[in-house]
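*Asks:* give me the fold of what follows.
(3 chains)
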Amino acid sequence: MVLRRFLKHRLAVTSTVMLVLLVLGSIVGPWFLPAYDAQDLSNTNQLMPTLAHPLGTDELGQDVLARLLYAGRISLFVGLSAAVLGVLIGTLIGALTGYFGKWIDTLGMRLTDMFLCIPLLMLLLVLSNFTRGKTLVPFVAPELQQLALIAVIIGASSWMGVARLVRGEFLSLREQEFVEASRSVGGKSAWIITRHLIPNAMAPIFVAATLQVGEAIILESGLSFLGMGIQPPVPSWGNMLSNAQQYMIATPWLAVYPGIMIFLTVVSINFIGDGLRDALDPKLKS
Amino acid sequence: MRRVLSSLLSLGLLAGCAGKGGDQPAKTGEGGGAMARTVVIHNQQEPETLNGAISSMMATVDAITPIMSALITVNDKMEYIPDLAETVPTLENKGVKLEGKGMAVTYKLRKASWHDGKPVTADDVKFTWQVYMDPAVKATSRDGYDKIKAVDTPDPQTVVVHFKEIYAPYLGLFGGIFPRHLLEADLKKQDKPGDSHFNQSAWNRAPVGSGAFKFKEWVPGDHITYEANSAYYRGKPKVETIVFKIIPDENNAYTQLQAGAIDIYQSAALTQYDQLKQMPGVVIHETPSLSYEHLDFNLANPVLADVKVRRAISMAINREEISAKIYKGLYKPAYSDQSPLNTTYYEPAVEKVSGFDPEGAGKLLDEAGWTLGADGFRIKDGKPLKLTIASTSGRKPRELTEQVIKSYLKAVGINLEINNVPGPKLFGRPDGLLYSGQYDLGLYAWVSNIDPNNIFLWSSKQHPPAGQNYTRYSNPEVDKLTEAGNKTVSTAERAKIYKRIQLLLAQDAPMMPLLVWTTLNVVNQRIEGFKPNPTSAGNLWNCHEWAIKQVK
Amino acid sequence: MGAYILRRLLTSLPLLLGVTLLLFCIMHLMPGGPLAAYTQNPRVRPEDLEKIKHIMGLDQPLYMQYLYWLRSLLTGNLGNSLFTGQAVTEMIASFLPNTLVLMGTSFVVSLAIGVFLGVMSAVKQYTPFDFGVTTFAFIGYSLPVFWFGVMLLLLFAAQLKWLPSGGVHDLGETGLLDLLEHLVLPVTMLSIVSVASWSRYMRSSMLEVIRQEYVRTARAKGLDEFRVIGRHAFRNALVPVVTIIALALPGIFGGAIMTETIFAWPGIGRLFFDSLGRSDYPVIMAILTISAALVVVSNILADIAYAALDPRIRYD
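*Replies:* Numbers count the residues shown, from 1 in each chain, chains lettered A, B, ... in the order given. Next up is the predicted model:
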């Protein structure tokens, strides 16, 4: 039923295909392309696109397309998982505070305020100092530790907006008739929250999640600037962007490729979100 | 594209912004007016203060140069020249006399006055020494001033500085003379015990000096303005106003240069080099800098304690190729810790000691007992030859250099891992990687000086925690030579000492000099007399000689 | 409501106190510290370092440093910068007006455009207008901000020379027109992201509301479309937008480091970044404390706004 409604949403389906292609391209692409890191220094000029290098090469003669696809592995992983984590934490805190109010609201919202008061840059500097080379994320293979850590850090520092959004919605929703009705027939809080309130607060959550994917991808590059993120020569869309920043006058188009990848990711996630919301929307039972 | 938009402009579609002109490249100074006699010089950073005694920022040095006078300064050819002093005192001209274990240096002062009209006297020079030696002053360095026993002022135009011991770099002292009549009260007043009001003095943000220009205005975060000092002892400067403009972003500096909003773009980004070359109306000055990239070896690591391994690494790395591929050929290969510009002290023979020779590197490693394994990496006693390289994160050219070095070392069988950290984590004390010795290879820059003193880098007494000998190098002969160098006044004698040190360093290879930086200063062609100066005197050292060509 | 606001303000004080302590700790945990510039200089001797440490007050135990700072906060004087020697209040006073002008303008512009685009594209859902706005919003959002800024700079300042490339005023100018010319590019750069994201929030919550019963009822009652949208839907759709705006409000004080850097705009963002770079503790603490107070205040304002927009909302 839900699936059928989702499949009717053309844009959502197109976007799903697009996202799958992006993920597949990132996983499979680098197998068929020249290595993403510098193997041969004989030809290190920044080249315009050719047949062998469809997007040209960068300053070390590395194939830009190969780097772009390889970078997708890291950026998609970090972007998606950090956004999911951030939205989960945010929704949980926002739902609890908005629904129960009283001291839970006070506690949760003061915690949110506190996190909002600490500049991300400072927090990251301190964290980067403490977490270097340590195994901190359980159940994750050592080679993925760094990545998982980055995702956790970004997720754990970007939930406050979602929490405030969800709480704001809940404050308004919990007073509405259908909630009152559900409560009066003895509905349990957990039931009311998950079945009535969250589905009705989905709209801003989806927007926030979409925008956060893009944000997390860019934040990751900020981390590598602090010596904490992905280290060279491993590429990510974020660090390709920040590298491009140093060549703005000479080769401004270098920033366009990773920019397009981030754009495609964010847009497809948005429409998937749209489709999902329509498919799940309790008000649209046709 | 530009034409189309210009015609749109003339249609009045965007009339609101039309004031800035269409096709004509705007030039400051066009059409006369105040801007025609103003030079706008860019700096990436804002100085923290205009008091040179309590700041070591290069932006501070630049910003105070027009205002302050030194006894002796350094010209663009790295020669000492007199500023407030009439001559450069040396042994030869009897300006320096040995007395007992120490020495006495005599300076004759020119007739000069402070910007408030009071004369500059020998007593101000003495005051300057007192400033540096006052324990309540936040002086960045008392190095050298603490070797002074007394300063005599037999008459207002004569200063005799008595040193406790021979102090060879004496000409580097007294870089900015402070006015006693304006600062003495602040110096004596303490904001809290041990903290002189000199550190917070209002003078520090609106200094009264004796230089070619007077301080006029400081708009925080934006610019500092100076106006010509008509009473300057070398005559009134030709330029009427200098504006020191703070532009943190290099793309913006590029744009402002192109738009004619700045005249001098200091230390331009290398990545803009090709575009700057094509920019009309500007002149690019390519000047070798005193900074150089180098590779530190941590001799406390048993693998790197073997000189053969260090030499092999040096020989495996191709400086020319790094220069060409990463630095557009602008940074030139470096072979010594002394600058090749410093012709008095530089030893050219070091260039032949360990050039690029990957085969020779392989042989040295064989000799050292590191044999090639099946995977292409070397092994000794079952241990693989694996090292890490540390540098500051977020600096693109260094990251690229590391990747290139990694592939050079791979070619001779050394497995190199890259481990970059933020600046403070690399350089910090006590937990920085260099200081605490938690590194194998370190890639960063050092700044050499017009004075060749390098005892703090190479003496075995300077191993951390005592000093900054991060390579933990020790060689008794170098220890002796670095000490002797500081105790020798004669330039010819000193040159012999430092040339010998350079040869020893090349053979022992505790550090591999990689590339000498090149500074790009890009100047609007209407400015005449700009002579970039690589030393700490900075590019404004001769701003009193600058002039502006009138553009018709 | 009055009692609620009072209670919120009162409970904010201990929160802020806790936040300053937390910030103080985080600041001291950052690698580097104010002495880093000196320790890297081989000419600074250990005994000189001790003197500098004493002058900067860093020889005191940490809790004493915090208490001294707290005392200076209570007396309204925020201490002196460790590096410029200036009073911190004076430094903030000289950078703040520039930031307020830049951020305030951009805030108003993005709010007006973002809300308008969001409402219109919700009302005209799935029309070419909506697709246009959506595409623009996502391009705006995925656009690397610095890239966009530098492109604006290269095109309008370097190539066309229509607009100045940086600073608040041309040298020697002080006029309003000159200021406006200098504002165009940085405001455009700053607004693109917030217009993009605010229009998305506005659109989605507007859509949500339009579907609800009472809007349908209002429509069915024959109220004209403009009144339905303006009166009923718009008000209720504002709740999430108010949240987002409240989250952005403290940014007006903090400035935007990247924009201020690219356009050489002397604002608080750059002051903060420079101070962070050299660990100028009193300046960092002052800026962060004021921002923290703004975070708290703007969230209180948001809560008040919720109740005003939707009378059913009550706080207990």
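*Asks:* which bits of the stretch 201-350 of chain B sit near chain A?
*Replies:* Counting by C-beta under 8 Å from any C-beta of the partner chain, the residues of the stretch 201-350 of chain B close to chain A are B:Asn251, B:Tyr254, B:Ala269, B:Thr271, B:Gln272, B:Asp274, B:Gln275, B:Glu321, B:Lys325, B:Ile326. The C-beta positions use only the backbone N, C-alpha and C, and glycine is treated the same way.
*Asks:* of those, which fall within the contact range of chain C?
*Replies:* B:Asn251, B:Tyr254.
*Asks:* chain C: which of the residues of the stretch 201-350 of chain B next to chain A is nearest?
*Replies:* B:Asn251 (4.7 Å; C-beta to the nearest C-beta).
*Asks:* can you check the pLDDT for the residue nearest to A:Leu65 when sequence neighbours are not counted?
*Replies:* Take A:Leu65 and drop its neighbours on the chain: the residue closest to it by C-beta to C-beta, 6 or more residues apart in numbering or on different chains is A:Leu55, 4.5 Å away. A:Leu55 is assigned 77 on the pLDDT scale.
*Asks:* which residues touch A:Leu55?
*Replies:* A:Pro49, A:Asp63, A:Val64, A:Leu65, A:Leu68, A:Tyr257 (C-beta atoms under 8 Å, 6 or more residues apart in numbering or on different chains).
*Asks:* same question for A:Met109.
*Replies:* If a contact means C-beta under 8 Å, 6+ apart, then A:Met109 has A:Thr97, A:Arg164, A:Arg167, C:Asn299 as its contacts.
*Asks:* nearest to chain B, of those residues?
*Replies:* C:Asn299 (30.0 Å).
*Asks:* isn't the closest one right up against A:Asp113?
*Replies:* Yes. Between C:Asn299 and A:Asp113 there is a contact under C-beta atoms under 8 Å: 6.0 Å.
*Asks:* quick check: neighbours shared by these two?
*Replies:* Common contact partners of C:Asn299 and A:Asp113 (C-beta under 8 Å, 6+ apart): none.
*Asks:* residue 189 - how many residues pack around it?
*Replies:* No chain was given, so I picked chain A. Other residues lying near A:Ser189 total 13 when counted by other C-beta atoms under 10 Å in any protein chain shown.
*Asks:* please refer instead to chain B.
*Replies:* There are 14 residues near B:Lys189, going by other C-beta under 10 Å.
*Asks:* tell me the residue of chain B that sits nearest chain C?
*Replies:* B:Gly221 (2.6 Å).
*Asks:* what's the spatially closest residue to that residue that is not a sequence neighbour sitting at in phi/psi?
*Replies:* Nearest residue to B:Gly221, sequence neighbours excluded (C-beta to C-beta, 6+ apart): C:Pro266, at 2.6 Å. Main-chain torsions, C:Pro266, degrees, to the nearest 10: phi -80, psi 90.
*Asks:* so which of the contacts of A:Met109 are in strands?
*Replies:* Taking DSSP state E, every one of these sits outside strands.
*Asks:* would you format these as TSV with distance to chain B and neighbour count included?
*Replies:* What follows is these, written out as TSV (distance: C-beta to the nearest C-beta, whole Å; neighbours: other C-beta atoms under 10 Å in any protein chain shown):
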residue	distance to chain B	neighbour count
A:Thr97	36	25
A:Arg164	32	30
A:Arg167	36	28
C:Asn299	30	23
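*Asks:* and which of those residues is nearest C:Ala305?
*Replies:* Using C-beta to C-beta, C:Asn299 is the member of the contacts of A:Met109 that sits closest to C:Ala305, with 10.4 Å.
*Asks:* how about stretch B:352-368 and chain A, touching?
*Replies:* No. Stretch B:352-368 stays clear of chain A (C-beta under 8 Å from any C-beta), getting no nearer than 12.7 Å.
*Asks:* what residues does that stretch touch?
*Replies:* Against stretch B:352-368 from outside (C-beta under 8 Å, 6+ apart): B:306, B:308-309, B:311-320, B:335, B:378, B:380, B:385, B:408, B:411-414, B:503, B:506-507, B:509.
*Asks:* and the residue in the stretch 1-150 of chain B that chain A sits nearest to, what's its pLDDT?
*Replies:* Among the residues of the stretch 1-150 of chain B, B:Gln44 lies closest to chain A, at 14.1 Å counting by C-beta to the nearest C-beta. Here the pLDDT value assigned to B:Gln44 is 93.
*Asks:* and the contacts of A:Met109, which of them are in helices?
*Replies:* In this view, these that belong to helices under DSSP state H are A:Thr97, A:Arg164, A:Arg167, C:Asn299.
*Asks:* got a list of what the last one touches?
*Replies:* Counting by C-beta under 8 Å, 6+ apart, C:Asn299 makes contact with A:Met109, A:Asp113, A:Leu116, A:Arg164, C:Ala246.
*Asks:* can you pull the contacts of the last one?
*Replies:* Residues touching C:Ala246, when contacts are defined by C-beta under 8 Å, 6+ apart, comprise A:Arg164, C:Ser298, C:Asn299, C:Leu301, C:Ala302, C:Ala305.
*Asks:* B:Ala104 too?
*Replies:* Counted by C-beta under 8 Å, 6+ apart, B:Ala104 has contacts B:Val96, B:Lys97, B:Val160, B:Val161, B:His162, B:Phe163.
*Asks:* switch to 10 Å and redo it
*Replies:* Going by C-beta atoms under 10 Å, 6 or more residues apart in numbering or on different chains, B:Ala104 touches B:Pro89, B:Gly95, B:Val96, B:Lys97, B:Leu98, B:Lys149, B:Ala150, B:Asp152, B:Val160, B:Val161, B:His162, B:Phe163.
*Asks:* can you check B:Leu409 too?
*Replies:* With C-beta under 10 Å, 6+ apart, B:Leu409 has these contacts: B:312-313, B:316-317, B:358, B:361, B:377, B:385, B:387, B:389, B:415-416, B:441.
*Asks:* and stretch B:455-466, how far apart are its ends?
*Replies:* One end of stretch B:455-466 sits 12 Å from the other (C-alpha to C-alpha, to the nearest Å).
*Asks:* how about B:Lys531, secondary structure?
*Replies:* With DSSP: H, G, I helix; E, B strand; the rest coil as the basis, the three-state label of B:Lys531 is coil.
*Asks:* and for the nearest residue to it once chain neighbours are set aside, the neighbour number?
*Replies:* Excluding the flanking residues, the one nearest B:Lys531 by C-beta to C-beta, 6+ apart is B:Asp76, at 4.3 Å. By the criterion of other C-beta under 10 Å, B:Asp76 has 18 neighbours.
*Asks:* biggest separation within the contacts of A:Leu55, which pair?
*Replies:* Across the contacts of A:Leu55, the longest distance by C-beta to C-beta is 12.6 Å; it joins A:Pro49 and A:Leu68.
*Asks:* so the two - more neighbours on which side?
*Replies:* A:Leu68 (24 against 12).
*Asks:* show me the contacts for that one.
*Replies:* Listed by C-beta under 10 Å, 6+ apart, the contact set of A:Leu68 reads A:25-26, A:29-30, A:33, A:36, A:55, A:75, A:235, A:237, A:240, A:257-258, A:260-261.
*Asks:* average pLDDT across the helix or strand that it is a member of?
*Replies:* Assessed by DSSP states H and E, A:Leu68 sits inside helix A:64-100. Average pLDDT, helix A:64-100: 91.
*Asks:* tell me the confidence at A:Leu280?
*Replies:* pLDDT, read off for A:Leu280, is 70.
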